[in-house]
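>>> I need the structure of the sequence given here:
(chains A, B, C and D, ligands or ions: 4)
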Amino acid sequence: MTPHANSALLAKLYRSIYRIRRVEEEIERIYPTDKIKSPVHLSLGQESVAVGVCAALHKDDIVFATYRGHAAYLAKGGDLNRMIAELYGKATGCARGKAGSMHLIDRAAGFMGTSAIVATTIPQAVGYAFAMRYRKQDTVTVVFFGDGAVEEGAFHESLNFAALKQLPIIFVCENNLYAIHAPLRDRLAGAGLCARAQSYGIPAKRIEDGDTLALHSEVSLAAAEIRAGRSGPHFIEAMTYRYVRHVGPGDDLFLKYRSQEELDAWKAKDEVKRLAAMLGAPEAQRIRDEAEKEIAAAFDFAEKSPFPSPRELEENLFHA
Amino acid sequence: MTPHANSALLAKLYRSIYRIRRVEEEIERIYPTDKIKSPVHLSLGQESVAVGVCAALHKDDIVFATYRGHAAYLAKGGDLNRMIAELYGKATGCARGKAGSMHLIDRAAGFMGTSAIVATTIPQAVGYAFAMRYRKQDTVTVVFFGDGAVEEGAFHESLNFAALKQLPIIFVCENNLYAIHAPLRDRLAGAGLCARAQSYGIPAKRIEDGDTLALHSEVSLAAAEIRAGRSGPHFIEAMTYRYVRHVGPGDDLFLKYRSQEELDAWKAKDEVKRLAAMLGAPEAQRIRDEAEKEIAAAFDFAEKSPFPSPRELEENLFHA
Amino acid sequence: MRNAAGEITYAQALYEATVQEMERDAGVFVYGLGVDDPIGMYGTTLDLHKKFGADRNFDTPLSEDAMTGIGIGAALAGLRPIHVHQRMDFLMLCMNQLVNIAAKASYMYAGQVQVPMVVRGIIGRSWGQGAQHSQSLHAFFMHVPGLKVVAPVTPHDAKGCMIAAIRDNNPVVFMEHRMLYNNRGFVPPEAYEVPFGKARVLAEGDDLTLVAISHMVVEAIRARAHLAEVGIGVEVIDPVSLAPLDMDTIARSVEKTGRLLVVDNDWTNCGASAEIIAETVERFQGKRAVRVARLGYAPVPCPTTKPLENLYYQNGRTIALKAYDMVKGGVGHWEPHGEDAKEIAEFKGPF
Amino acid sequence: MRNAAGEITYAQALYEATVQEMERDAGVFVYGLGVDDPIGMYGTTLDLHKKFGADRNFDTPLSEDAMTGIGIGAALAGLRPIHVHQRMDFLMLCMNQLVNIAAKASYMYAGQVQVPMVVRGIIGRSWGQGAQHSQSLHAFFMHVPGLKVVAPVTPHDAKGCMIAAIRDNNPVVFMEHRMLYNNRGFVPPEAYEVPFGKARVLAEGDDLTLVAISHMVVEAIRARAHLAEVGIGVEVIDPVSLAPLDMDTIARSVEKTGRLLVVDNDWTNCGASAEIIAETVERFQGKRAVRVARLGYAPVPCPTTKPLENLYYQNGRTIALKAYDMVKGGVGHWEPHGEDAKEIAEFKGPF
Ligand SMILES: Cc1ncc(C[n+]2csc(CCOP(=O)(O)OP(=O)(O)O)c2C)c(N)n1
Ligand SMILES: Cc1ncc(C[n+]2csc(CCOP(=O)(O)OP(=O)(O)O)c2C)c(N)n1
Ligand SMILES: [Mg+2]
Ligand SMILES: [Mg+2]
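Ligands and ions are numbered 1, 2, ... in the order given. Below is the predicted model:
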């Protein structure tokens, strides 16, 4: 536990993490109704990574993420109504229903999008960071990706370039130990993820147990160094765990690629509960009540919104 | 200088390196006649890497290389007549004139080919090594590539897989300090090439000064370990230097991307001269005389060979 | 697996072909993301590692580019790799090895090497697969000499093409549409090859030749039923293999009908439908006036929301309407009714 | 640079366009392997880093895949990257980012983002470039909605298209043929745009419409001269932009000539030539009988040896013979004589 955690920060983090947890749970609940006609890759269990990291960023910092992007979108300040509407395929969605859960975006919040092809947003984030440096801005780009993305060549090419040019970017690897059903040890040779980044001279740090506060303070430090022009890229390996299946809601222990014990051990250190306990009951309850209202309203908004009209099919291919 | 170098080995190495040096020089000499209608990426200055490595291999070991592949082809035992004929575009060429200098092959010699797209033979070599392990052979695959190839994602993906499966392969990076005109320091962040390989848990060693004997003994050891089933992949960074332009014959100092001093320093430690000196005059002269005859005959063979017939244009696309 | 009629599903047919070839030839192995996981690629590779050992059915890192090259290298060494991709879209990471190496190795080395490799790509559709999980892109592979491309539609052809692909000494891109996996059909239990370059006339008719690719064959058959109600006879052709492409069978049919409609499971621009139309008119010009048309994906990326996704794809009705127009010369109005595709609307995974 | 007639080379035209746009817009930058080296990409990017700083013209690691994504990211941030590739063949490493991201971002995000990026690809030819250094592959980019594709042939169009490409708010694949670099032509010194989607009628004629792509335009003009000797009038059309494609201009010409020959600098199967033929016949069917044909690379990888390389490509004579056949209906024999291409035989680098 970080000693510097003050209560305002705690409240902010709890608000963020509770909201995401409950949004994901609501999606799970609604999913069997088929109103969400889209694959959803839920962040249940992994919320703390996005929460800890994004709470340390400024509004005009930029985030890129993956198909498992609900948490990062919300943590960075993405509009909740438009996210749920997007899942429902509605015209009020953040991409007017054209993109679904796997491709969220909210430019106003600095959330620049996600991709369903593993590792593809990593170079884009590096390019965005390049543009920041080009324009001499003191903003930072953060890119979230899974442990599987590290196996793609694009990861290496991106890190090499970011390090060469000392770009303002923080690479955040959400290491949830699996790529779909494949454990990391079957996919990755050598000394681990941080060693990869270090071979490019990029400072790398592993944060255990999905520790929200540790992530927050690590990213705060890294971002401050970057903004001050004292460092180039940073790499963070955030240990975390997915509670439900790779895609879609519900348990997958019956597939036997992971164990009940492993899951239980991670649930025992659940960050939503931990932050609630640190914050104290009355404040936490107030935050929960607020969130519940907002979430209910968002699903209601989505339900009541119209579908896009047929003429939208061929719109937006090109910009004038 | 390695203490174990015996005179038979020295003679073998000198025969190999002198022959390659002279073949490259002859290509340089002939080139302005336009008989070779093909880009040639000469190995002049870099011969010792192929020579030291290949001399440590068995005939049924397999080598993959790059467009700068004359030295590796010859060092592994590739047919000289068919190589020169290939450069001349003749039907007696090792690929019947269809492939040119950039794509040499000699299956009988275990030389499995090269590619003009940087880094592309690296995964193929890993796949070949996979097949050796699959069949429980005690052979080894070697893949040569330049320092530039390390920047391609395919390099990383290949090393990761080779290390994961502990495949019988030796990665030999010919670090000639440049990719065309770009110095390595402008392209590669971090602690150097060996660190890259080590991050996959692959033992890596850098050999300075193009030292033929050191390369020979290093590869001998690595190959023995692999054959004995005691190790997976090895990585060797062979420091070397290109005497002439990236492509085509002749000097390129006027382009000013590298200096006369740098070139002179490398020429001062030329391995062809060094091995000759170690071997002693009479033996060296005998080897030179033999090589000259063979080379003259090869160019003669190429000159006299016919071009492929027009009907070959559409042959060999598919195998029945 | 088989029911009383000797039927199995498309997915089971792929599994059966793979097992039989792995039993026959110790050099055949299957690899790719997820092939040895508890889902086993929709059952098509389920537990093959238990049957044949972990060397012959193994998961890989997420490294499509190198893993393609590794398959090529293994094939150069004489093995017979089958590389499986959960989506065709991921093949965009493999283009360098497929286009620059696999397609060229035999020719470039004057036949001294061969690359007997099968690249299985699954086409996603429905349930919000969206822009990056629904592409087919077979036009790319057809464009490049040195690759073979097949897109079997029936369980029978799935098995026979898979066996032929594995035995083929050249790189074969093997396209599977996820919406076909649960279709059942009679499949002989023994091993057999469906030869490449032979199209199938699935149904005869005199008024219009309807060539359909991959899953669009299912919709073409629906369209034929619609059109039968108004007395229009449609000949439905499934090319089965796209490279080589059996233009003779298509031309023979067009000779009879004088009309050719090609429906692709892909965009039309520089697509398979352009190729088939161009080749057909080159053959018939000066001999016979033929009417031709193409249908395919809407010329945009695939949207996720259902109302737009429905418009993005062709279906029995849109095909029937186009065919009606071609036969009636644009005169008259008609609204086909009856059953629409159910498998699309009902699909809910696995993904 | 300019001679008395105001002429500069194709390479100089590209350089001039780039400099003018870099001066106009501080967001324009040029990157790619070798762009700041002493050769400066055949002079097209020579010393731009000295003029505009190292941020705006820089070499990269050999990392085509990520460097494409990095360009996309910079474009998403509002910059205007120009990514240069010494060979189109290397674009096979960029397909994932180009096809799955660049082409789709605007649509997928309902127009909220744009990717104003230029991808310059140079087509290699001659002097044993061989299988992996001679491909064009524009059919791939034409196939995928969301990309623009241009292939200017004259110095004038090279400059105007480059300026238009840089100003375009969408990803543009910009194809340059190495054999055009030394061609000279009049180029206005000021900045101007050549609009995409407008084909050029380079020469008029009544007997046959000859559409040629990229360097094949040069050969088409040679073919026209051959055919003029036997009284056959050829209308030569350069589409300039391949996506969007100006089918109206082509159709107008075919309306007049009744014959269409498309010569591509690529394979024909699912190629630009298939598309142009298919679209043309779809338009004319029932209205007018037209004769059509396609020519392109031989359907194999490019061999290096000169005698086979010569057969691999189309040239003024092979095009003229095909056109002659189409006009004369295959009757009679003719052997075109006269000058052949010299730039090919004489080319000796730089590579
Ligand atoms: C390039 C690519 N290859 C394969 C897939 C299929 N796929 C989707 S998610 C996934 C696992 C990714 O694991 P990881 O990066 O650890 O992220 P996680 O899902 O665990 O958050 C795979 C293999 C894909 N989408 N893209
Ligand atoms: C994928 C790819 N990108 C770019 C090129 C162009 N190119 C040819 S050789 C070369 C430099 C390679 O340098 P290195 O790997 O160090 O080998 P060297 O030529 O020094 O032996 C480049 C960039 C290419 N052939 N392939
Ligand atoms: Mg993971
Ligand atoms: Mg080098």
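
>>> Once you drop chain neighbours, what's closest to the spatially most central residue of chain A?
Geometric centre of chain A, nearest residue: A:A72, 2.9 Å, by CA atoms, centre = their mean. Sequence neighbours aside, A:A65 is the residue nearest to A:A72 in space, at 3.9 Å (criterion: CB to CB, 6 or more residues apart in numbering or on different chains). Every residue, glycine included, has its C-beta placed from N, CA and C.

>>> pLDDT score assigned to that neighbour?
With respect to pLDDT, A:A65 has a value of 98.

>>> residues contacting it?
A:50, A:72-73, A:104, A:111, A:113-114, A:121, A:143-145 (CB atoms under 8 Å, 6 or more residues apart in numbering or on different chains).

>>> of these, closest to chain D?
Of all the contacts of A:A65, chain D sits closest to A:G113, with 6.4 Å by CB to the nearest CB.

>>> For the closest one, pull up the helix or strand it's in.
With secondary structure defined by DSSP states H and E, A:G113 is part of neither a helix nor a strand.

>>> surely it meets D:A105?
Yes. Counting by CB atoms under 8 Å, A:G113 does reach D:A105; the two are 7.5 Å apart.

>>> which residues do these two both contact?
Here A:G113 and D:A105 share the contacting residues D:76, D:113, scored by CB under 8 Å, 6+ apart.

>>> can you list the residues of chain A near chain B?
Residues of chain A lying close to chain B (CB under 8 Å from any CB of the partner chain) are A:151-157, A:159-161, A:163-164, A:186-191, A:195-196, A:198-202.

>>> try it again with 10 Å
Taking CB under 10 Å from any CB of the partner chain, the part of chain A that reaches chain B is made up of A:119, A:150-166, A:185-202, A:232-233.

>>> If any of those are buried, give me the PyMOL selection for them.
Of the residues of chain A next to chain B, the buried ones can be selected in PyMOL as follows, counting by 16 or more other CB atoms under 10 Å in any protein chain shown:
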select buried, chain A and resi 119+150+151+152+153+154+155+156+157+158+159+160+161+162+163+164+165+166+187+188+189+190+192+193+194+196+197+198+199+200+201+202+232+233
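
>>> Touching stretch A:281-288 from outside, list them.
Outside stretch A:281-288, the residues that touch it by CB atoms under 10 Å, 6 or more residues apart in numbering or on different chains are A:7, A:10-12, A:14-19, A:22, A:272, A:275-279.

>>> can you list the weak-confidence ranges in chain C?
Chain C contains residues with pLDDT under 70 at C:338-341, C:345-351.

>>> coming back round to it: the residue nearest to the centre of chain A contacts A:V63, correct?
Yes. At 5.9 Å, A:A72 counts as touching A:V63 under the criterion of CB atoms under 10 Å.

>>> now do the same end-to-end measure for stretch C:57-64.
End-to-end distance of stretch C:57-64: 16 Å, with CA to CA, to the nearest Å as the criterion.

>>> and it with ligand 3, contact?
No. Contact of stretch C:57-64 with ligand 3 (CB under 5 Å from the ion) is absent, the minimum separation being 9.8 Å.

>>> excluding its backbone neighbours, what's nearest C:E64?
Nearest one to C:E64, counting by CB to CB, 6+ apart, is C:L93 at 3.9 Å.

>>> swap in A:C94?
Nearest to A:C94 is A:R82, by CB to CB, 6+ apart, at 4.0 Å.

>>> Report all helices and strands that the helix or strand containing the one you found contacts.
Assigned by DSSP H and E, A:R82 belongs to helix A:80-87. Applying 3 or more CB pairs under 10 Å, 6 or more residues apart in numbering or on different chains; DSSP states H and E, we find helix A:80-87 packed against helix A:7-30, helix A:70-75, helix A:281-304.

>>> Next secondary structure element downstream of that helix?
helix A:121-134.

>>> Kindly report the residues of the stretch 101-250 of chain C close to chain D.
By CB under 10 Å from any CB, the part of the stretch 101-250 of chain C that sits against chain D consists of C:101, C:103-108, C:110, C:130-133, C:135, C:137-146, C:242-243, C:245.

>>> Surely A:A75 and A:V53 touch.
Yes. Judged on CB under 10 Å, A:A75 makes contact with A:V53 at a distance of 7.3 Å.

>>> hey, what's in contact with both of the two?
Contacts common to A:A75 and A:V53, judged by CB under 10 Å, 6+ apart, are A:63, A:144.

>>> residue ranges of the helices in the stretch 101-250 of chain A, please?
Counting by DSSP state H, counting those that start in this stretch, the stretch 101-250 of chain A has helices at residues A:121-134, A:153-164, A:193-198, A:212-227.

>>> helices and strands around the second one, which ones?
What that stands for is helix A:153-164. Secondary-structure packing of helix A:153-164 (3+ CB pairs under 10 Å, 6+ apart): helix A:121-134, strand A:141-146, strand A:169-175, helix A:193-198, strand A:234-239, helix B:153-165, helix C:64-76, helix D:64-76.

>>> For stretch A:204-217, list every residue counted as buried.
Neighbour counts over stretch A:204-217 (16+ other CB under 10 Å) mark A:204-205, A:207, A:209-217 as buried.

>>> Quick one: the helices in chain C, in order.
C:10-24, C:48-52, C:64-76, C:95, C:105-108, C:138-143, C:155-167, C:216-228, C:247-257, C:272-284, C:306-312, C:316-328, C:343-346 (DSSP state H).

>>> report the angle between the axes of the helix holding A:R82 and helix A:281-304?
Computed by axes from the mean of the first three to the mean of the last three CA atoms, to 10 degrees, the angle separating helix A:80-87 from helix A:281-304 equals 40 degrees.

>>> Just want the residue of chain A that's nearest ligand 1.
Closest contact between chain A and ligand 1, by CB to the nearest ligand atom, is at A:G146 (2.2 Å).

>>> these two touch, right, A:D252 and A:H246?
Yes. Contact criterion CB under 10 Å: A:D252 and A:H246 qualify, at 7.4 Å.

>>> Check the contact lists of the two and give me the overlap.
Common neighbours of A:D252 and A:H246 (CB under 10 Å, 6+ apart) are A:180-181.

>>> Now A:Y88: closest residue in space, sequence neighbours ignored.
Distances taken as CB to CB, 6+ apart put A:A302 closest to A:Y88, at 4.3 Å, once the chain neighbours are dropped.

>>> Which residues are in contact with the one you found?
Contact analysis of A:A302 by CB under 10 Å, 6+ apart lists A:30, A:35-36, A:80-90, A:92-93.

>>> what about it, distance to B:L10?
When distance is defined by CB to CB, to the nearest Å, A:A302 is 79 Å away from B:L10.

>>> State the number of residues packed around the residue of chain A found nearest ligand 3.
The minimum distance from chain A to ligand 3, using CB to the ion, falls at A:G146 (3.8 Å). Residues near A:G146, counting by other CB atoms under 10 Å in any protein chain shown, number 25.

>>> Name the nearest residue to it, ignoring sequence neighbours.
Counting by CB to CB, 6+ apart, the residue nearest A:G146 is A:E174, at 5.6 Å.

>>> This completes my enquiry, with thanks.
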